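Visitor: pasting the sequence and the predicted model now:
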Amino acid sequence: MRPDVIFPLFFIVWTVLLGLVTLFYLKASLAAKRRWHPYVVVTGALVFLGFVTLIMPASSFVVIVPVVSLISFLNYKMTKFCNSCGATVVHQPWRPLGACPKCGGRVDAP
């Protein structure tokens, strides 16, 4: 398929997916976030790779798959959740993990 046809579809699907993921991380319960976070990360990576498959030549997968895998792994590992209020906190590895910025409670990994 042609990239000029696929890209608008990609943009629409990615925007809708981003909106759903944002709502999930803002509104879901702590238990739901901890349970579904890995699936959300993997689904995002697979949707992205699916569109890349349609647009890019197969030879680009040598670079794209490891990069998307690394980004997904870091997304999974750096996303933490507050035990008190359930807020989603993206931990920056070069800073110590402190208290929840929303309520001051303890923040744990998924």
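Guide: Perfect, thanks for sending it. Residues are numbered from 1 along each chain as shown.
Visitor: quickly find the element holding the residue nearest the centre of the chain.
Guide: Geometric centre of the chain, nearest residue: residue 41, 4.3 Å, by C-alpha atoms, centre = their mean. Per DSSP states H and E: residue 41 is located in helix 30-55.
Visitor: list the buried residues in the helix or strand just after that helix.
Guide: Next along the chain after helix 30-55, taking DSSP H and E as the criterion, comes helix 61-78. Across helix 61-78, burial judged by 16 or more other C-beta atoms under 10 Å covers 68, 72, 76. Bear in mind the C-beta positions are built from the backbone N, C-alpha and C, glycine included.
Visitor: which of these has the weakest pLDDT?
Guide: Within the set of the buried residues of helix 61-78, pLDDT is lowest for residue 76 (92).
Visitor: can you tell me, leaving aside adjacent residues, what's nearest to it?
Guide: residue 41 (4.8 Å; C-beta to C-beta, 6 or more residues apart in numbering).
Visitor: which residue comes closest to residue 79 once chain neighbours are left out?
Guide: For residue 79, the closest residue by C-beta to C-beta, 6+ apart turns out to be residue 90, at 5.8 Å.
Visitor: for the one you found, give me the pLDDT.
Guide: 86.
Visitor: so what's it up against?
Guide: 78-80 (C-beta atoms under 8 Å, 6 or more residues apart in numbering).
Visitor: tabulate those (TSV), appending pLDDT and distance to residue 46.
Guide: Formatted as TSV, the contacts of residue 90 follow (pLDDT from 0 to 100; distance: C-beta to C-beta, whole Å):
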residue	pLDDT	distance to residue 46
78	89	20
79	89	18
80	88	23
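Visitor: I'd like those residues as CSV, with distance to residue 103 appended.
Guide: Formatted as CSV, those follow (distance: C-beta to C-beta, whole Å):
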residue, distance to residue 103
78, 20
79, 17
80, 13
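Visitor: I'm done for today, thanks for sticking with me.
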